[in-house]
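# here is a sequence together with a model predicted from it:
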Amino acid sequence: LEGKTIAVDVAIWVVESLAQKANLPWLKEHELALKLCFERIVTWLRCGVTPVIVLEGNAGSRGKRAGRPHQNIGNAFAQNMQAIENLCHYLGVACTRAAGEAEAWCVCLAQEGLVDAIATNDCDVFAFGAVCPVLKDLRILDRISASSAEIVDSDASRRHLTREAFILVAALLGNEYDGDGGSGTAHVGLQISVPGLQWFQTQQHDTPNISLVDAFYNEVVSTSTKCGRLVESLRKLPSCTGCARCGHGNVRKPAHGNKGCSACGTKQGCLPRIAVDGSDRIKLCECGYCSAVREKSNGDEVAHGRARKFALILDSVRADEAFGKRLRQTADSFQIPCVEAHVTLHPEAFEWRGLHDVDALSQLLSGIFKADSVAKKIMMLKLEWCLRVAAREAPRALEHHEQTPTSLATWAQRRGLEFVPQRR
């Protein structure tokens, strides 16, 4: 990540700071948030990573949030946002406030090519249309070997579920924007919604002129669609009646017994099913159920299983009278993030330009850290800034001169750097 610019959904940091209960007797909640944000920003800068702090707004999608129990935490964010914004200003770190959801603004910055990645634990970034790597549980530490992150490849995620499929998952499971308290649809969880929608989106390739959300809504209100007819036919199929081991016979059993299997040519027991074309997948058995599966799903038992889960989704949403309204409200809330763009930004705006106000920064941190600790932390930032300036500007400034420790020290003094290289 060295040399990269990363958009940070700072709301996640605020929530994590409130979990540090050991510090609560000594620090107030907003001081906890400042402490965590300052320490992480300093560590990121020292490791060569440039953070872009994205603050929550109150308009846009965020203004549509339903009154869920954890929304009280969201109200506490507003008390911390100004303090964090001041901290970033004093540090000289880029800080931008979203019109609404920070995740949406992070996605917009990535779409415009202004950041290289997004650091957040909120999967809403995929429903908003993330196009860059998403760093979950990112931990950048002074010991590089101890740093960690779960990198979620947006391209890989979209191969499994498109952006609109993520919106459908949000509508099925419940979300903060659906106007119904986020209760979701009964009897539909991740284990059913994700594979079911994976199958459904593969069936829509021949109808590119209609969005996946609209196509799903048509499936809910009508049973005469192509997918609806296929799902109804699969739902009526009985379960497998063949032998689980060899796939022969019309009685479901783990394996043939002492009488053997005439189709396998054995007098006792039976033979295991062989793999298909040398692959790891074994062929389906020959009972009426599995024959129908081969006919209706082109021999793909995985697709058949996903289709049956899509049938369960349809059963649940058709019994939910309020689902249509929740779906529309959810889809409207996850609009293209750049619709919420309210300022024009340039890549230069996200460059770290060194400490902006050392005195104000020292005063802000004086109630959180000891005085000598604050001085040491600020000194490390000053040194980091001097090193960055020297690495970026010195080679070009001295390209026509012999680059020696003396010439470098002379250039650093003329440049006004606080830390000047010294000959040992």
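All right, it came through fine.
# in the stretch 1-150 of the chain, what residue spans correspond to strands?
Assigned strands in the stretch 1-150 of the chain, in chain order: 5-9, 50-55, 95-97, 117-119, 134-139, 148-152 (criterion: DSSP state E, counting those that start in this stretch).
# can you name every helix or strand that the fifth one contacts?
Under the contact definition 3 or more C-beta pairs under 8 Å, 6 or more residues apart in numbering; DSSP states H and E, strand 134-139 sits against strand 117-119, strand 148-152. The C-beta positions use only the backbone N, C-alpha and C, and glycine is treated the same way.
# if you set the cut-off to 10 Å instead, what comes out?
Judged by 3 or more C-beta pairs under 10 Å, 6 or more residues apart in numbering; DSSP states H and E, strand 134-139 is in contact with strand 5-9, helix 10-18, helix 29-46, helix 102-111, strand 117-119, helix 124-127, strand 148-152.
# Val52: neighbour count?
A count of nearby residues for Val52, using other C-beta atoms under 10 Å, gives 25.
# CA atoms only: put stretch 44-59 into CSV for me.
C-alpha atoms of stretch 44-59 as CSV (Å, rounded to 0.1, in the frame of the first residue of the first chain):
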residue,chain,number,x,y,z
TRP,A,44,-0.4,5.4,7.9
LEU,A,45,1.7,8.5,6.9
ARG,A,46,4.8,7.0,8.4
CYS,A,47,4.2,3.8,6.3
GLY,A,48,3.9,5.9,3.1
VAL,A,49,0.1,5.6,2.9
THR,A,50,-2.0,8.7,2.3
PRO,A,51,-5.4,8.6,3.9
VAL,A,52,-8.4,10.6,2.7
ILE,A,53,-10.8,11.0,5.6
VAL,A,54,-14.5,10.8,4.5
LEU,A,55,-17.0,12.2,7.0
GLU,A,56,-20.7,11.4,7.2
GLY,A,57,-23.3,13.9,6.0
ASN,A,58,-27.0,14.3,6.8
ALA,A,59,-28.5,14.5,3.4
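# buried ones in that stretch?
Neighbour-count burial for stretch 44-59 flags 44-45, 49-57 (criterion: 16 or more other C-beta atoms under 10 Å).
# would you convert those into JSON lines that also reports pLDDT and distance to Cys243?
Putting those into JSON lines (pLDDT from 0 to 100; distance: C-beta to C-beta, whole Å) gives the following:
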{"residue": "Trp44", "pLDDT": "87", "distance to Cys243": "60"}
{"residue": "Leu45", "pLDDT": "88", "distance to Cys243": "65"}
{"residue": "Val49", "pLDDT": "87", "distance to Cys243": "58"}
{"residue": "Thr50", "pLDDT": "90", "distance to Cys243": "62"}
{"residue": "Pro51", "pLDDT": "92", "distance to Cys243": "60"}
{"residue": "Val52", "pLDDT": "92", "distance to Cys243": "60"}
{"residue": "Ile53", "pLDDT": "92", "distance to Cys243": "62"}
{"residue": "Val54", "pLDDT": "91", "distance to Cys243": "58"}
{"residue": "Leu55", "pLDDT": "88", "distance to Cys243": "62"}
{"residue": "Glu56", "pLDDT": "82", "distance to Cys243": "59"}
{"residue": "Gly57", "pLDDT": "76", "distance to Cys243": "62"}
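# who touches Lys377 in this structure?
By C-beta atoms under 10 Å, 6 or more residues apart in numbering, the contact set of Lys377 is 38-39, 42, 361-362, 365, 369.
# and Asp214, how far from Gly324?
12 Å (C-beta to C-beta, to the nearest Å).
# kindly list the longest helix within this structure.
helix 371-397 (DSSP state H).
# so Cys108 touches Val52, yeah?
No: contact criterion C-beta atoms under 10 Å: Cys108 and Val52 do not qualify, at 11.8 Å.
# now do stretch 79-89, average pLDDT.
The average pLDDT within stretch 79-89 is 87.
# run through the stretch 1-150 of the chain and note the low-pLDDT ranges.
21, 23-25, 58-78, 141-150 (pLDDT under 70).
# excluding chain neighbours, what is closest to the residue positioned nearest the centre of the chain?
Residue closest to the mean C-alpha point of the chain, counted by C-alpha atoms, centre = their mean, is Cys123 at 4.0 Å. With C-beta to C-beta, 6 or more residues apart in numbering as the criterion, Cys123 has its nearest non-adjacent residue at 7.6 Å, and that residue is Phe166.
# cool, and Leu361?
Once flanking residues are discounted, Leu361 sits nearest to Tyr90: 3.9 Å by C-beta to C-beta, 6+ apart.
# contacting residues for that neighbour?
Counted by C-beta under 10 Å, 6+ apart, Tyr90 has contacts 38, 355-365, 378.
# how much space separates it from Gly269?
For Tyr90, the distance to Gly269 - C-beta to C-beta - is 78 Å.
# circling back to that earlier point, so how many other residues sit close to the residue nearest to Cys123?
Residues lying near Phe166 (other C-beta under 10 Å) number 25.
# ok, it - contacts?
Per C-beta under 10 Å, 6+ apart, neighbours of Phe166: 123-130, 157-158, 160, 194, 197, 212, 334.
# could you say which helix or strand holds Phe216?
Phe216 belongs to helix 212-221 when assigned by DSSP states H and E.
# which parts of that helix are buried?
In helix 212-221, counting by 16+ other C-beta under 10 Å, buried: 212-213, 215-217, 219-220.
# now what about it, what contacts it?
Residues from elsewhere that reach helix 212-221 (C-beta under 10 Å, 6+ apart): 161-168, 171-172, 197, 200-201, 203-204, 207, 210-211, 224-228, 231, 310, 313-314, 317-318, 320, 323-324, 327-328, 330-331, 334.
# avg pLDDT for it?
For helix 212-221, mean pLDDT rounds to 83.
# how far off centre is it?
Helix 212-221 sits 25 Å away from the centroid of its parent chain (C-alpha atoms, centre = their mean, to the nearest Å).
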